[in-house]
Each structure stands twice: as C-alpha cells, then as structure tokens.
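Chemist: Any chance you could fold what I've pasted below:
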Amino acid sequence: RNIKFTKTSLENIKHTEQLQKYYDKSCEGLACFIHPEPSLNKSYYAHWSTVTYDAAGKQKRSGRYKRICRVGQKPLDEVKAEVITKLKIWKAGNITTSKNKTVATLVNEYINFGAGGFRVKNKSKKIKYKTVTTDSYKQLLSTYVLVKTKKEHLKTMLTAPFRRSDNYYYKKQLAELPLDKLTKKDIEIWHSRMELIPTAANRALAALSIVFEWDSKRTTPAYTGFNPCLRIAKYQERKDKRHIDTIEKVLEVTKFLEQEQWREPHFYTFYRLQMEYGERLTDSHGIAWNKPTSLIDQKKCTGWIDWRKKEIYLTDTKNREDASCELTEEMVLMLRKLQNYVTDENTNASYAAGSMWVFPRPTDPALHINNTSYRTKLRDFNYKMGFATREYVRGSGKRKVYKYTNLLTLKHLRKTFVTYYGRSKGLEAASLRMRHSSLIVTKEHYYTEDQKALKTHTSIYNVGNNVVQLKKAANDEE
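Modeler: All right, here's what the predicted structure looks like:
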C-alpha cells in the first residue's frame, strides 16, 4: 500500500498474521515492514528495482530491499534524508572497482558517504567519531589531496613538479592517479611535498589512511591492495608546550580573576576553571548547573556540577568514559558568586538568568558557548596580563586599530595545570589525573620540567646534619 508516512499513521497500523509492506508517497525508496508474530516489529527499509535483459532483449525488473532501522530508533525525517542521500548508491549495488577510479573518486566517496562513521576502540566496543574530528578529516582531504584551496603556495607545493632523490622530476598528481596503478611510493612522494608543513603533512596522511581503511571494509573495495599509507615515516613535530611559566605569574592571574570577577563574570570564571582543573575546552563548554532530569537533556550536556561532592561530572570526549573532576574551594566560591551575579539583574551576567548552562552563549543563552564565544574577551585579557602583543594598524585618538597576537590561548591553561600539578605531585600522578594512556603522552604534550629545580650545587648523597652518622669500623680506627 502507498500511504504518506507520519508518526501517527505508522503507529496506527496494526499487526496481522502476515507480513505487510507499506510504501511512502512522499519519499521515493522508503518502505515500512509490519512484521507478524512473534517479532511484532515495524522496520524501515529502502527499496528499489534493478533492470536486467534476457537473451531475447526482454527487460526484467527485480526488487531489492535494504533494512535501515526499527521504527522509533531514528526520527522519520532523519530516515528520509538517509534514503534520499544514499538511494543512488544502493541502486548501483555498491559495486566499486579500481578500474577507471582515481584517488579523488575514493576520497569523494568517503567524504560524501563514509565520514562520521565508527572507529574501532577494541574488539568489543566501537566509538563514533566526534563531529569535530570528522570535519577535520574532510578539511584535510579536501585541502591536501583534492587541492581545493585558495592558497597559492599550497597549490604550488602540491602540484608543481617534485624533484626526487634520483634527480627525476615527478609530475603526477595524487588525486588523478588511478587506484589500480597507485603505489606506496606515490603516497611517500605526496607526503614529501609537504616537508615544510610537517604537522599538516602528518595529519593529512592519517586522514588518507582512514579513507583506505574505510574502503577495505566495504563489500567490494575500490582499492584491492594493502593500505598504502602504512609504515610511511612521519615528520617529527614540534610540541607546543607553552604555559604560564612562573608560579608568581600564576598567582597574579588567579588573584586578579577573583577580585575582578564582577567585571566579566562568565569569562573570568571560565578562565579560572581551566586553570583549576585542566580539562579539554570542548568538555567545559556544555557544563550544566545541575544534573538534568531527562536523558535527552543529559545527552546535550558535556557535564554538570555535583555540588554535594564538589566535583564536575564529565563524559570524556576522548574515550567516552565517565570522569569526575574535583573542584578546589576557591573554584567552588567563584561558581557560587557567578550564580549570584546571574540572579542579579544589575550585573553583566543577568542575561543568563534561567539558562541551564554555567557558560551560556551571550548571543543566545539557550545555547552553551563554543570556541569563538570568548575570542575578543580573551584577546583583551591576554594583553592586560602580558600574554599578547599588539601592533598599530591605523587610526588616531581613541579610534586606533591594532593587530593582536596571542602568546597564550585557553588551551595552554590545560598545559599550565598539568605542569604545576606534575611538579607538585609527580609526573605519574599528573598522568593519572588527566586520564592519559601513558606517561609519554603527558610528558611530550603537556608537562614541562622545572629546569632550575633539576640543578644542584651539592651532592645528592649528602645526608645532612640531622642524620646520625654511622660509627667507624674497628679496622678504620686502627
């Protein structure tokens, strides 16, 4: 039967002793199967027909179905969008071969249909890629493989003839190479082109490797060999471990934030929070004042405050595990003050009254902040604290225009926390506190040793005056 699919119309269909098939009038290729006993399920299916011809040239059509999900597992609009997007691929039977297909073809297929899937965490658990990670992979592939960029120096770097070690000028473009002729040497040369941008080169290589891994798991892969990106030597990257380099400066900043909190209640509280518990910025954006009562609202949050335990509950975006981060007494006091500022209509925080977020977006308190919400406030604060420089551009009097350069950003507050936590409690304790997979991650990316503390002008074996000296042996007295 052909009906218009709505939530109500599908719920009103009753189960019978036989399988029933309904087809949506408003969405080509969408069907709903009403299963009989014992399952009594209702499921969405995509449907299409394939055309074949017999020896006499007579046309034959045969139906095909692909299960999508049960009714209710996904919103109906989301199911329709998936069918509209992928119906052409399903009609083609997912037939892909390396013949007449290039690297660009494979990368475009990944961007359009494969990005945003799952990464394998271990044998028993799969974790979906974060949206920011998926967007990053798409950007890297578009810029460095497909060469979709307006920057002329990048275009030249990726397309100009490349002189190899044997004095041969390599003129091939990676995106144009047929998959059946692609070799590991082609990937190595493409990676070598980006020697002047080592970090971007390594990230682009990792993104391209994911494309080949995704393709290898398809029913009929476009590239039939082993992943050509494996075992290609990566460039050594310079680790950015900048932090507030003296404890005196740290104390100056924290004192200023406490005393001047009333000026910029939300921003100053957010800045201090990053210094006090060192979690990822994205994990701090969506913190709620209290634990939401509904599961839907809980999924919207990145965490919430547990006032009784004086902790912030988070779901770690790296491994999706639960994490509880303790709050210092100073931080609890600042958060309580922020609550008071929000409820007072005569303060700069009154716009957030009624918002569930600790740090709501100034332009829309119903949403939490993002990476750009405090950009201008951070620039001005950094210049005030000596963490930014500025250069005169134009103007005169009070209407001067300056170009600012941040020497430290909010992400460096995480490195500041790890550095001083590690110096106080030890590197291993800092690694456990930050839930890192190994000490190497903590040391190479976050922790900086105190070089002055490593120096010594006295013997490390000096026992000191308060230690009882051992008696001399009898032979020594003689």
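
Chemist: residue ranges with poor pLDDT in the stretch 51-200 of the chain?
Modeler: Across the stretch 51-200 of the chain, the ranges flagged by pLDDT under 70 are 51-61, 92-100, 118-126, 166.

Chemist: And the strands in it, which stretches?
Modeler: Taking DSSP state E, counting those that start in this stretch to define them, one finds strands in the stretch 51-200 of the chain at 59-70, 118-122, 125-128, 162-163, 169-170.

Chemist: buried stuff in the first one?
Modeler: If you call a residue buried by 16 or more other Cβ atoms under 10 Å, then strand 59-70 has these buried ones: 66, 68. To be clear about C-beta, it is placed using only N, CA and C from the backbone, and glycine gets the same treatment.

Chemist: How far off centre is it?
Modeler: On the basis of Cα atoms, centre = their mean, to the nearest Å, strand 59-70 sits 36 Å off its chain's mean C-alpha point.

Chemist: Kindly report the same for the last one.
Modeler: Taking Cα atoms, centre = their mean, one finds strand 169-170 lying 37 Å from the centre of the chain it belongs to.

Chemist: Point out the other helices and strands that it packs with.
Modeler: strand 162-163 (3 or more Cβ pairs under 8 Å, 6 or more residues apart in numbering; DSSP states H and E).

Chemist: what sits up against the strand it packs on?
Modeler: For strand 162-163, contacts defined as Cβ atoms under 8 Å, 6 or more residues apart in numbering pick out 169-171, 189, 192-193.

Chemist: Which PyMOL command selects the buried ones in those?
Modeler: Command for PyMOL that selects the buried part of the contacts of strand 162-163, burial taken from 16+ other Cβ under 10 Å:
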select buried, resi 170+193
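
Chemist: Give me the buried stretch members for the longest helix along the chain, please.
Modeler: Looking across the chain with DSSP state H, the single longest helix is helix 198-216. Within helix 198-216, the residues that qualify as buried are 201-205, 207-215, counting by 16+ other Cβ under 10 Å.

Chemist: Nearest to Lys42, out of these: which one, please.
Modeler: Distance to Lys42 across these (Cβ to Cβ) is lowest for Trp214, with 31.1 Å.

Chemist: That closest one contacts Tyr110, correct?
Modeler: Yes - assessed by Cβ atoms under 8 Å, Trp214 is found in contact with Tyr110 at 5.7 Å.

Chemist: for Gly286, what are its contacts?
Modeler: 300-303, 357, 368 are the contacts of Gly286 under Cβ under 8 Å, 6+ apart.

Chemist: could you say which helix or strand contains Tyr402?
Modeler: strand 401-406 (DSSP states H and E).

Chemist: how distant is that strand from the center of its chain?
Modeler: 28 Å.

Chemist: who touches that strand?
Modeler: Strand 401-406 is contacted from outside by 378-379, 382-383, 387-395, using Cβ under 8 Å, 6+ apart.

Chemist: Not counting its own residues, what contacts the longest helix of the chain?
Modeler: 106-107, 109-110, 114, 117, 136-137, 140-141, 143-145, 187, 191, 194-195, 221-223, 227-230, 232, 234-238.

Chemist: In space, what's closest to Ser425 - neighbours in sequence excluded?
Modeler: Residue 425: Lys, not Ser. Arg433 (7.9 Å; Cβ to Cβ, 6 or more residues apart in numbering).

Chemist: Quick check: Tyr45 is in a helix.
Modeler: No - when classified by DSSP: H, G, I helix; E, B strand; the rest coil, Tyr45 is found to be strand rather than part of a helix.

Chemist: Verify the stated contact: it with Arg64.
Modeler: No - with contacts counted by Cβ under 8 Å, Tyr45 stays clear of Arg64, the gap being 9.8 Å.

Chemist: For stretch 134-153, buried residues please.
Modeler: 134, 137-147.

Chemist: do the same with stretch 36-48
Modeler: Per 16+ other Cβ under 10 Å, stretch 36-48 contains these buried residues: 42-48.

Chemist: Pull out the C-alpha coordinates of that stretch and format them as CSV.
Modeler: These are the backbone C-alpha positions of stretch 36-48, laid out as CSV (Å, rounded to 0.1, in the frame of the first residue of the first chain):
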residue,chain,number,x,y,z
PRO,A,36,3.7,-10.6,12.3
GLU,A,37,4.2,-12.7,15.4
PRO,A,38,6.4,-13.5,17.1
SER,A,39,8.5,-10.3,16.5
LEU,A,40,5.7,-7.7,16.1
ASN,A,41,8.2,-5.2,14.9
LYS,A,42,7.9,-2.3,12.5
SER,A,43,11.0,-1.6,10.5
TYR,A,44,12.1,1.0,7.8
TYR,A,45,13.5,-0.4,4.6
ALA,A,46,14.9,1.2,1.4
HIS,A,47,13.5,-0.3,-1.8
TRP,A,48,14.4,0.0,-5.4
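
Chemist: Perfect, I'm done here.
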